[in-house]
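1. Predicted structure and sequence below. I'll ask about it afterward.
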Amino acid sequence: MVAASPKLLQLTEDDIHRWTSQLMRALQVPASVIGRALETCPQLLSENTCANAEQMVYFLVEIGVRREDIQAIFLIRPQLMYLKVERNVRPTAAFLVQEAGVSPQKLGKLIR
């Protein structure tokens, strides 16, 4: 895990506890789910990820993804949680709806 993200060595125990707690709260998942996601995506342990995760959850719910499905999405693609919604995700979603003809109702299903 450290080889994939050497910045982990700079984190204090307090940083790790604070950020995992924030992710658990934002995603409404238990610590074991956060641990499994960190195994494949240690970059989740950053201050920006916590804010981005909250925005991503809000966005996913907004486009019709059920809260129950967010945990599964998080485990399959944890890197989604550190994308910037306003800069990356929302413009892509708008393109898919406006230019590519994807219906807004199907957008949430594409992500699942």
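-> Structure's in. What do you need?
2. Compute the number of surrounding residues for V57.
-> 20 (other Cβ atoms under 10 Å). In short, each C-beta sits where N, CA and C put it, glycine included.
3. helices and strands around whichever helix or strand it is part of, which ones?
-> Per DSSP states H and E, V57 falls inside helix 47-62. For helix 47-62, the elements it packs on are helix 13-27, helix 67-76, judged by 3 or more Cβ pairs under 8 Å, 6 or more residues apart in numbering; DSSP states H and E.
4. would JSON lines of those helices with mean neighbour count and distance to E39 be doable?
-> Output for the helices and strands packed on helix 47-62, formatted as JSON lines (neighbours: other Cβ atoms under 10 Å; distance: least, Cβ to Cβ, whole Å):
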{"stretch": "helix 13-27", "mean neighbour count": "15", "distance to E39": "13"}
{"stretch": "helix 67-76", "mean neighbour count": "15", "distance to E39": "10"}
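5. Checking the residue nearest the centre of the chain next. Helix, strand or coil?
-> What sits nearest the mean C-alpha location of the chain, by Cα atoms, centre = their mean, is M81, with 1.7 Å. Of the three states, M81 takes helix under DSSP: H, G, I helix; E, B strand; the rest coil.
6. contacting residues around it?
-> Contacts of M81 were listed using Cβ atoms under 8 Å, 6 or more residues apart in numbering, and they are 23, 27, 44, 49, 52-53, 56, 74.
7. Recalculate using a threshold of 7 Å.
-> 44, 49, 52-53, 56, 74 (Cβ atoms under 7 Å, 6 or more residues apart in numbering).
8. now swap in V97 and tell me
-> 104, 107.
9. what's the pLDDT at it?
-> pLDDT, V97: 89.
10. Same check on K84?
-> K84 is given a pLDDT of 90.
11. who's in contact with the helix holding V57?
-> 19, 22-23, 26-27, 67, 70, 80-85, 89-90, 111.
12. picking up where we left off before, filter the contacts of M81 to the buried ones?
-> Burial by neighbour count, judged by 16 or more other Cβ atoms under 10 Å, picks out 44, 49, 52-53, 56, 74 from the contacts of M81.
13. Lowest average confidence across helices and strands of the chain, where is it?
-> helix 104-111 (a mean of 80; mean pLDDT, DSSP states H and E).
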